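Student: here is my input; please provide its structure:
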Amino acid sequence: MVLVKRGLPFNPPARIRKLLIALALTVTAQVGLGVATVMTHVHIHVAATHQAGALTLLALLVWLLHEIPQARKEG
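Tutor: Modelled structure (predicted):
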């Protein structure tokens, strides 16, 4: 967001862009599942899905951190 406001170009490679989109969608789903978990008084299915979402989010972040240095080498 700060880069866009300052007018700095932000053109990541396609695979980084796809990872960022996946991260945004996963974070949105995590927030929704977190609210649903609280609203259902920690119903086990919703809570387990929320935990699975956390693992997915962690995996996407690790993958993104792995891809960034490789994208710098190529670009």
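
Student: low-confidence ranges, the protein, go.
Tutor: Applying pLDDT under 70 to the chain flags the ranges 1-5, 75.

Student: quick one, strands of it?
Tutor: Secondary structure of the chain (DSSP state E): no strands located.

Student: now the farthest one out in it, which residue is it?
Tutor: His41 (25.5 Å; Cα atoms, centre = their mean).

Student: which parts of the lengthiest helix in the chain are buried?
Tutor: When the chain is parsed with DSSP state H, its longest helix is helix 44-74. By 16 or more other Cβ atoms under 10 Å, the buried positions in helix 44-74 come out as Val46, Ala47, Thr49, His50, Gly53, Leu57, Leu60, Glu67. The way it works is simple: take the backbone N, C-alpha and C, and place the C-beta from them, glycine included.

Student: contact partners for the last one?
Tutor: The contact partners of Glu67, taken as Cβ atoms under 8 Å, 6 or more residues apart in numbering, are Arg15, Ile16, Leu19.

Student: can you report how many residues lie near the second one?
Tutor: This means Ile16. Each residue near Ile16 was counted by other Cβ atoms under 10 Å, and the total is 16.

Student: from Phe10, how far off is it?
Tutor: According to Cβ to Cβ, to the nearest Å, Ile16 and Phe10 sit 10 Å apart.

Student: what do you get for Leu65?
Tutor: If you go by Cβ to Cβ, the gap between Leu65 and Phe10 works out to 18 Å.
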